[in-house]
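**Q** Sequence plus predicted model, see below.
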Amino acid sequence: EFDRARFSDDFTLNAGGGYQFNDFIRSDLTLDYFKTNFKGRNDWEVCSSNGNISCRYKEQDMTSLGLLINGYVDLGTYWGFTPYLGAGAGMSYVKWGDVNQYTSCRRGCRNVDPDLVTHEGIDSWRFTYALMAGTSYDLTDRLKLDFGYRFSQIEGGGMYKFNGYETASGTFGDKAKDGGLTRHEFRTGLRLTTW
């Protein structure tokens, strides 16, 4: 487990197309792109001649491309505003980039030069679901401005592999895994009715 971890530099882009069945029910198919940067650190206190060891994982990029089918219930239109609820499910292709591991050791008052090891990132398909709520506003008969909140959950999976030295020593599988990616988004966009 990481003692300290954070994501930064998030970027997301969404597009989709769908069908309005009636005044209350509609569905769409959405393509969701998401990119972020991960930094983590592990600290161990080793009670031996090896001293105190610190391990830092720096600048691992993660990208996700998700395809979801969604359904919505429009709750009526009031003064141009149409509140709605929705839910969706699908798959996301999650790709973790390679990560550099810096291991430093402190013996007494002396710092030992850090070791640098690169671990290969892991990519995988993962189940994803989402829950939505929001409202749209009629700009014209065919164009709506949409304000909404979306909660989404991407299933957990591998982050990066053991390095060559570790696999030669008999280790196998994933060295690190994430427990899933939970996202809370406040989103705005345009919806265009084509016919």
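**A** Nice, thanks for sending it over.

**Q** okay, CA-based contacts and neighbour counts for the rest of this
**A** Fine.

**Q** where do the helices sit along the protein?
**A** 164-168 (DSSP state H).

**Q** hmm, which helix or strand of it has the shakiest average pLDDT?
**A** Within the chain, no helix or strand scores below strand 110-119, which has a mean of 62 by mean pLDDT, DSSP states H and E.

**Q** need the contact list for Thr12.
**A** Asp32, Tyr33, Phe34, Lys35 (C-alpha atoms under 8 Å, 6 or more residues apart in numbering).

**Q** which of those lies closest to Ala130?
**A** Lowest distance from Ala130 to the contacts of Thr12 (C-alpha to C-alpha) belongs to Asp32, with 11.5 Å.

**Q** I'd assumed Asn14 was in contact with the closest one.
**A** Yes. Contact criterion C-alpha atoms under 8 Å: Asp32 and Asn14 qualify, at 4.6 Å.

**Q** can the contacts of Thr12 go into JSON lines with extra columns for pLDDT, neighbour count and distance to Thr167?
**A** Formatted as JSON lines, these follow (pLDDT from 0 to 100; neighbours: other C-alpha atoms under 10 Å; distance: C-alpha to C-alpha, whole Å):
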{"residue": "Asp32", "pLDDT": "94", "neighbour count": "16", "distance to Thr167": "35"}
{"residue": "Tyr33", "pLDDT": "94", "neighbour count": "17", "distance to Thr167": "33"}
{"residue": "Phe34", "pLDDT": "91", "neighbour count": "15", "distance to Thr167": "31"}
{"residue": "Lys35", "pLDDT": "92", "neighbour count": "17", "distance to Thr167": "29"}
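
**Q** for this protein, what are the low-confidence residue spans?
**A** For the chain, applying pLDDT under 70 flags the ranges 1, 3, 42-59, 103-115.
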